[in-house]
Every structure is written in structure tokens, then in C-alpha cells.
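> pasting a predicted model and its sequence here:
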Amino acid sequence: MKELNILLLGAALMFASGCVTQGLIDNHAKAHREDDKEKKETVWVDGQPAYYFLLPFTVAADIATSPIQIPMMIAVLINGGPHF
């Protein structure tokens, strides 16, 4: 029974959004395009690989917030997915 609980928890975490980790990687560590409000144009921003050092902490934050993320994801999926 304990193994089944661990397996189900792992499956649930695998499908969690990982928003903290994704935000760190996409907005800081990797090169990306960003809107420059002063120039009113899109500029290329170099990534800062030093942010990958924080990856273990962001994964832990995603796991800690999963009790909130997973029910929210289920609610969004029940209601037909995200609406933009």
C-alpha cells in the first residue's frame, strides 16, 4: 500500500505545472525575448546560467505547493482548459 501511495504521488507531481521552476528557467536562466517598455519594442535578453544553481530549491517549492497546484489543475481541466 505504501508503494502505491508513493507511485500515485509521483504521478500527480509529474503532471503538476512546475510554475516556480518554469518561471526561473524561462525568465532568467535561458535567453529569451522581452518587451522593452521604454523603446516599445521586443529585445533579446541573454540568459544567466548561474540561475540553474537555484533549480533544486525551485523543485522543492513546486513540490511544497503541489497541494494547491494539483486541485487547481483539476478544476481547470474540468472546466474545459485554460481560457485566454
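Yep, that arrived.
> could you check the pLDDT of the spatially most central residue of the chain?
Note on the chain: the residue nearest the mean C-alpha position is residue 19, at 2.0 Å, using C-alpha atoms, centre = their mean. Turning to residue 19, the model gives it a pLDDT of 76.
> thought it was touching residue 62?
Yes: Residue 19 is in contact with residue 62 according to C-beta atoms under 8 Å; the separation is 7.1 Å. Just so you know, the C-beta spots here come from the backbone N, C-alpha and C atoms, and that holds for glycine as well.
> can you pull the residues that touch both of the two?
residue 69 (C-beta atoms under 8 Å, 6 or more residues apart in numbering).
> any weak-confidence spans in the protein?
In the prediction, the chain carries residues with pLDDT under 70 at positions 9, 11-17, 81-84.
> and the helices in it?
For the chain, helices defined by DSSP state H occupy the ranges 2-14, 19-24, 55-64, 66-78.
> the residue nearest to the centre of the chain and residue 26, how far apart?
10 Å (C-beta to C-beta, to the nearest Å).
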